[in-house]
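S.K.: what's the 3D shape of this:
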Amino acid sequence: MRGVSMPTHQYAQLADTYLQARIPTPGSLAGRPKAQIPDIVSLAMTTRAYTRVVMRLRAQAESEARAFARSHLSPEPSRDGHGQVVRSSSSRTPSPTSLYSHGKSSVSSTKGAFRSPLVRLHRAPLLRVFVPSPEGEWLSDSSVVECEAELKRAGVLKLLRVGDVVWDVAVGDEGNLGRMVWDGSYLVDLDHKYSRMGELSPYFHSLAFSPSYFHRVIRTGVNPVVNPGGNPIVYLDVSPWGQELAANLQLLQDRATTATPHGTLHSVVHWLHRSSFTIRPPVSPHHPHAYSHSQNLRLPIPNVAGFFIDPGWYGTVIVEAEGTNEGLADFQARCGPGVFPPRADNVTSKMRNEKEKGSRRVYRVLREKSRPGEIWIRAVREKERVM
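M.R.: Below you'll find the predicted structure:
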């Protein structure tokens, strides 16, 4: 299949050749053989076929996962003639954390599961379109509309979901060039406030996706000063759990590795504020102890109509903030009004609070600390903006 075998950087090269051929320079087209002008219709059809295959693989993976879950539900315990429970080999669905908790012992349980280099369950698919951009690396509004038209021509428009990532391969494969996210109706550009490579737009609710949903699909840049670990940006409103965060708030010392402007790494001890809250999975009131009955229940995102919390967030969410007075004030503001006693603000602090009001939903997922059932996030303040 050409869409898989062809290196992605060649799309940008062919698109650039096609755009150069359209420039009306004297004598440039008269002596140019037609074979040198790329067939962009063929390239567009290649990306359409690739996108259809990815969507088909996603449907297959989800169908097999549902069938696997149904076949491994725990049956009712059978009893013998004396009323004693007859124990048999367990057929329960393996825990989502079993792969991390039990190492190689869980590999055998995943045999026969769906595997593909193009699609992974609980990860965003990376769909492709081919739309040469005369404006260069930044797609214009007309180019974005043409990308949406390409999805319609591929016949996948009705199959798209909020959070699907679409890549215009004609722009290039460096960083996140040409990558956009489907919001349910339109393609949305990436946000560049906190990363020059681009991050998920604040238009999306990060609780609706698993913490690793966009991992390696939307690439994260490494900043040696504010983001040495390459941790991604997420947008959360933690005010519904403000009381729990206030009750668990602590001022702690922590050891971290920082980089100097010359690239030297140093291990330093610094103060930080740390708290946590718990997102509990929904349980059916009629079957409070039956996990099989609560699998299909979904927990709505507080104060957001029509969106639900992804099960990847279930468990403990640990929140870190700066160990300064300014960091504490920012953390208290994130917890919502009325959670902490009002602070005596002066003119400077009022101006700072007004400026940082728009960044109080911004966090970074700390990948090196997070694990299933325990997600670590760090509050990102306005001073970390790069654009």
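S.K.: okay, and Glu62 sits in which element?
M.R.: Remark: Glu62 resides in helix 40-71, with elements defined by DSSP states H and E.
S.K.: for that helix, name the packing helices and strands.
M.R.: helix 2-5, helix 9-21, strand 126-129, helix 141-154 (3 or more C-beta pairs under 8 Å, 6 or more residues apart in numbering; DSSP states H and E). In short, each C-beta sits where N, CA and C put it, glycine included.
S.K.: so for the last one, what gets flagged as buried?
M.R.: Judged by neighbour count using 16 or more other C-beta atoms under 10 Å, the buried positions of helix 141-154 are 143-144, 146-148, 150-151, 154.
S.K.: what's it in contact with?
M.R.: Outside helix 141-154, the residues that touch it by C-beta atoms under 8 Å, 6 or more residues apart in numbering are 44, 47-49, 51-52, 127, 129-131, 133-135, 139, 157, 160, 166, 168, 180, 186-187, 189.
S.K.: residue ranges of the strands in the stretch 101-250 of the chain, please?
M.R.: Residue ranges of the strands in the stretch 101-250 of the chain, as given by DSSP state E, counting those that start in this stretch, are 126-129, 165-168, 179-182, 187-189, 233-235, 250-259.
S.K.: and the fifth one, what does it pack onto?
M.R.: Secondary structure elements in contact with strand 233-235, counted by 3+ C-beta pairs under 8 Å, 6+ apart, are strand 362-365.
S.K.: please state the offset of stretch 255-268 from the chain centre?
M.R.: Chain-centre distance of stretch 255-268: 28 Å, with C-alpha atoms, centre = their mean, to the nearest Å.
S.K.: before we move on, what about stretch 15-26?
M.R.: In terms of C-alpha atoms, centre = their mean, the centre of stretch 15-26 is found 37 Å from the chain centre.
S.K.: show the contacting residues for Asn176.
M.R.: Residues in contact with Asn176 (C-beta under 8 Å, 6+ apart) are 190, 197-198, 218-219.
S.K.: that should have said Asp168, apologies.
M.R.: Going by C-beta under 8 Å, 6+ apart, Asp168 touches 128-131, 133, 139, 143, 147, 178-180.
S.K.: same question, Pro134
M.R.: The contact partners of Pro134, taken as C-beta under 8 Å, 6+ apart, are 19, 140, 143.
S.K.: one more time with 7 Å
M.R.: Residues in contact with Pro134 (C-beta atoms under 7 Å, 6 or more residues apart in numbering) are Leu19.
S.K.: same check on Ala59?
M.R.: Listed by C-beta under 7 Å, 6+ apart, Ala59 has no contact partners.
S.K.: list the buried ones in stretch 201-218?
M.R.: Within stretch 201-218, judged by 16+ other C-beta under 10 Å, the buried ones are 201-202, 204-215, 217-218.
S.K.: tell me which of those is nearest to Thr264?
M.R.: Distance to Thr264, by C-beta to C-beta, is smallest for His215 among the buried residues of stretch 201-218, at 28.8 Å.
S.K.: pLDDT value on that closest one, please?
M.R.: Reported pLDDT at His215 in the predicted model: 93.
S.K.: ok, and the closest non-adjacent residue to it?
M.R.: The shortest distance from His215 to any residue other than its chain neighbours is 6.8 Å, reached at Arg123 (C-beta to C-beta, 6 or more residues apart in numbering).
S.K.: so that neighbour is in contact with Tyr213, correct?
M.R.: Yes - Arg123 is within contact range of Tyr213, at 6.1 Å (criterion: C-beta atoms under 7 Å).
S.K.: quick one: contacts for the residue nearest the centre of the chain?
M.R.: What sits nearest the mean C-alpha location of the chain, by C-alpha atoms, centre = their mean, is Phe214, with 3.1 Å. Neighbour list for Phe214: 124, 200, 232 [criterion: C-beta under 7 Å, 6+ apart].
S.K.: pLDDT, neighbour count and distance to Pro337 added to those, as TSV?
M.R.: Listed next are the contacts of Phe214 as TSV, based on pLDDT from 0 to 100; neighbours: other C-beta atoms under 10 Å; distance: C-beta to C-beta, whole Å:
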residue	pLDDT	neighbour count	distance to Pro337
Ala124	96	22	34
Leu200	93	23	27
Pro232	94	24	29
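S.K.: give me the low-pLDDT residue ranges for the stretch 101-250 of the chain?
M.R.: Counting by pLDDT under 70, the ranges of the stretch 101-250 of the chain that qualify are 101-112, 224-225.
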